[in-house]
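Participant: with the sequence up front, the predicted model follows.
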Amino acid sequence: MAWFKRQDKGILTPTDEKREAPDGLWYKTPSGNIIHIRELKNNAYVCPDDDFHVRIGSKEYFEILFDNNKFQELDANMKSADPLKFTDSAPYPKRIEASIKKTGLNDAVRSAVGKMNGSEIVIACMDFTFIGGSMGSVVGEKIARAIDHSLKHKIPFLMISKSGGARMMEAGFSLMQMAKTSAKLALLSEAKIPYISLLTDPTTGGVTASFAMLGDFNIAEPGALIGFAGPRVIRETIGKDLPKGFQSAEFVLDHGFLDFIVDRRNLKTKLTNLLKLLNN
């Protein structure tokens, strides 16, 4: 019964020399499709089999939009203070320090200026990995300063939103950012400088109730969750089942709150054409 036994033991690899596949080489979509991370990156982080748009952050959006990934970051070292001495499961400063260490980011938004298809643009992009992309004082201030940069140099402003809403650890201070960013955008509008708001998955809470919905054009990625309160809260409040696809980008578009939906693979071209149209 030799076929049940390994005759040449010399081909066995010792246990200590075996190599495991590195983590993060493959991505599994919600529909169960498997794709290599390299292929996913080359496809603007959109799964080719089902067009599922993977959640990405400022690093990836800057790579996609800025020519040759060249840009000057604005206010890169700004970090949150602790005005309310907030303590929950841990003091707020420790939560900030842990998020900085985990994500390599200083807060939930990055802003930068560079060229997109040869034209100057300011882009502010939120990062959901930093405390759920929550909007605190630093987020509001960095967005306000990015708008100031657009005003000073008379170049378009693009806001990429991805947020769970206002940051509870800053309470009223975080809510004040809604008014501050909205007031700055009013100045941008008066100066007739284009502002495009891109809503990605998810965009909720105070972000939706302020700067995310104030664009000259409000656009979104396919399938993005867009709303104020979450579906569960709304369902329990009104005591009714919600329509199919409620708060998806497609549902929001059908009800007049978006101008159009854009595939991330076409985002740079679409934005360039839109800004040319506005400038003309």
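Facilitator: Sure thing, it's come through. Every value quoted in this text rests on a predicted model; they were computed, and no experiment measured them.

Participant: now do the contacts for residue 83.
Facilitator: For residue 83, the contacting residues are 137, 170, 173, by C-beta atoms under 8 Å, 6 or more residues apart in numbering. For the C-beta atoms, the positions are set from N, CA and C on the backbone; glycine is no exception.

Participant: next one: residue 110
Facilitator: Contacts of residue 110 by C-beta under 8 Å, 6+ apart are 58, 62, 73, 76, 124-125, 127, 142.

Participant: can you list the strands that whatever helix or strand it lives in pairs with?
Facilitator: Using DSSP states H and E, residue 110 maps to strand 109-116. Strand 109-116 has its sheet partners listed here by DSSP bridges as strand 71-74 (antiparallel), strand 119-126 (antiparallel).

Participant: return the most buried member of those.
Facilitator: When you average the neighbours per residue for each of those (mean count of other C-beta atoms under 10 Å), strand 119-126 leads with a mean of 23.

Participant: can you show me the helices along the stretch 151-280 of the chain?
Facilitator: Remark: helices assigned in the stretch 151-280 of the chain by DSSP state H, counting those that start in this stretch are 171-190, 205-208, 231-238, 249-254, 267-279.

Participant: and among the ones you listed, the most buried is which?
Facilitator: That would be helix 205-208, which, of those, has the most neighbours on average (mean count of other C-beta under 10 Å), namely a mean of 24.

Participant: neighbours around residue 166, how many?
Facilitator: Residue 166: 25 surrounding residues under other C-beta atoms under 10 Å.

Participant: thought it was touching residue 173?
Facilitator: No: in this structure, residue 166 is not within contact of residue 173 by C-beta atoms under 8 Å, at 9.3 Å.

Participant: got any residues that touch both of these two?
Facilitator: By C-beta under 8 Å, 6+ apart, the residues touching both residue 166 and residue 173 are residue 136.

Participant: reformat the contacts of residue 110 as JSON lines; add distance to residue 223.
Facilitator: Output for the contacts of residue 110, formatted as JSON lines (distance: C-beta to C-beta, whole Å):
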{"residue": "58", "distance to residue 223": "20"}
{"residue": "62", "distance to residue 223": "22"}
{"residue": "73", "distance to residue 223": "29"}
{"residue": "76", "distance to residue 223": "31"}
{"residue": "124", "distance to residue 223": "22"}
{"residue": "125", "distance to residue 223": "19"}
{"residue": "127", "distance to residue 223": "19"}
{"residue": "142", "distance to residue 223": "27"}
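
Participant: mind putting these in a markdown table, pLDDT and distance to residue 204 included?
Facilitator: Compiled in a markdown table, the contacts of residue 110 are given as follows (pLDDT from 0 to 100; distance: C-beta to C-beta, whole Å):
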| residue | pLDDT | distance to residue 204 |
| --- | --- | --- |
| 58 | 98 | 18 |
| 62 | 98 | 23 |
| 73 | 98 | 26 |
| 76 | 97 | 26 |
| 124 | 98 | 18 |
| 125 | 98 | 17 |
| 127 | 98 | 15 |
| 142 | 98 | 20 |
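
Participant: in the residues you listed, find the pair that's most separated.
Facilitator: 62 and 142 (14.5 Å; C-beta to C-beta).

Participant: now residue 186: how far from residue 98?
Facilitator: 36 Å (C-beta to C-beta, to the nearest Å).

Participant: re earlier: out of the contacts of residue 83, flag the one nearest to residue 277.
Facilitator: Among the contacts of residue 83, and counting by C-beta to C-beta, the member closest to residue 277 is residue 137, at 35.4 Å.

Participant: I figured the closest one hits residue 172, correct?
Facilitator: No: in terms of C-beta under 8 Å, residue 137 does not count as a neighbour of residue 172; the distance is 10.5 Å.

Participant: just to revisit the earlier point, got a markdown table for the contacts of residue 83, with distance to residue 159 too?
Facilitator: A markdown table is the format used below for the contacts of residue 83 (distance: C-beta to C-beta, whole Å):
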| residue | distance to residue 159 |
| --- | --- |
| 137 | 17 |
| 170 | 20 |
| 173 | 20 |
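
Participant: just put the strands paired with strand 109-116 in a markdown table and tack on distance to residue 277.
Facilitator: What follows is the strands paired with strand 109-116, written out as a markdown table (distance: least, C-beta to C-beta, whole Å):
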| stretch | distance to residue 277 |
| --- | --- |
| strand 71-74 | 24 |
| strand 119-126 | 13 |
